[in-house]
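Asker: Need coordinates for the following:
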Amino acid sequence: MNYEQAMEYIHAVQWAGHKPGLTRTRTLLAALGDPHKKLQFVHVAGTNGKGSTAAMLASCLQAAGYRVGLYTSPFINRFNERIQINGQQIPDEMLVALVEQVKPAADAMEDVPTEFEIITALGMLYFAQQQCDIVVLEVGLGGTLDSTNVIETPACAVITALGMDHVKELGPTLADIAAAKAGIIKPGCPVVSYGGAPEADTVLRRVAAQQNAPLTEVDFAKLQITGGDLDAVTFSFDGL
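Answerer: The predicted model follows:
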């Protein structure tokens, strides 16, 4: 298999006819040895800013000395952007080798996994094989039934600004959308929320309390921007 054939395989299966759920992802990962269970995660959901938040978190963790996986979607220029370690995109030959590992397990499943579920499995397998210390994992759609939510309790769950997105899948109100995003909050898991939307904040606070998950809502009164341009922003936050 070459790179073009690997891409063709990944993109071959679409959502049509598939019911949302975690069963296919769990089945596929189990056939691959449950690589996600060997990893630590920061799980990022939200409507706006989750991609940039994930990128900045990965950069901060790398600067702190960790070996950091980053899983995001969609890509801007090239598919390989979706799976990175320490800012380096997955090499073509490594992606091909992983597809050759995943394909037999996926093809053997009665309920064939979707494109996103296959990509999630590829990412988990790569990060485990490359022994990442931590993975910044961006949710694809929603939270509760997103295939990234197969992970166990993450080191932290992050919920960025919420708005009306994917209403057909997640529900017609902001509270419905918040409930779907709040599905990434697991028992005892520290949660950071952007906040600022009372209808959504009420839901997130309730779910965090139910899960005994300590919740931090960002207090923008503590933030002072002191300068910046296209390359960098200089700021103080809570005296730091």
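Asker: residues contacting residue 153?
Answerer: For residue 153, the contact set (Cβ atoms under 8 Å, 6 or more residues apart in numbering) comprises 186, 187, 188, 189. Using the backbone N, CA and C atoms, a C-beta is placed for each residue, glycine as well.
Asker: Can you pull up the most central residue in this protein?
Answerer: With distances taken as Cα atoms, centre = their mean, the residue of the chain nearest its centroid is residue 138 (2.0 Å).
Asker: so where do the strands sit in this protein?
Answerer: 41-45, 68-71, 83-85, 88-89, 134-138, 156-159, 191-193, 215-217, 223-228, 233-237 (DSSP state E).
Asker: How far does the fourth one sit from its chain's centre?
Answerer: The offset between the C-alpha centroid of strand 88-89 and the centroid of the whole chain comes to 17 Å, using Cα atoms, centre = their mean, to the nearest Å.
Asker: strands paired with it, and their directions?
Answerer: Here strand 88-89 is paired, per DSSP bridges, with strand 83-85 (antiparallel).
Asker: picking up where we left off before, ok, the residue nearest to the centre of the chain touching residue 75?
Answerer: No: the pair residue 138 and residue 75 fails to qualify as a contact (Cβ atoms under 8 Å) at a distance of 11.8 Å.
Asker: one step back: ok, and the most crowded of the contacts of residue 153?
Answerer: Highest neighbour count within those: residue 189, with 21 neighbours (other Cβ atoms under 10 Å).
Asker: Ramachandran angles for it?
Answerer: phi -80, psi 130 (degrees, to the nearest 10).
Asker: which residues touch it?
Answerer: 153, 154, 156, 157, 211, 213.
Asker: State the distance from the third one to residue 136.
Answerer: If I follow you right, that is residue 156. Going from residue 156 to residue 136 by Cβ to Cβ, to the nearest Å gives 10 Å.
Asker: Can you read off the pLDDT for residue 17?
Answerer: At residue 17, the model reports a pLDDT of 61.
Asker: swap that for residue 142, sorry
Answerer: The per-residue pLDDT reported for residue 142 equals 84.
Asker: Not counting residues beside it along the chain, what's closest to it?
Answerer: What sits nearest to residue 142 in space, not counting adjacent residues and going by Cβ to Cβ, 6 or more residues apart in numbering, is residue 180, at 4.0 Å.
Asker: tally of neighbours for the one you found?
Answerer: For residue 180, the neighbour count with other Cβ under 10 Å is 23.
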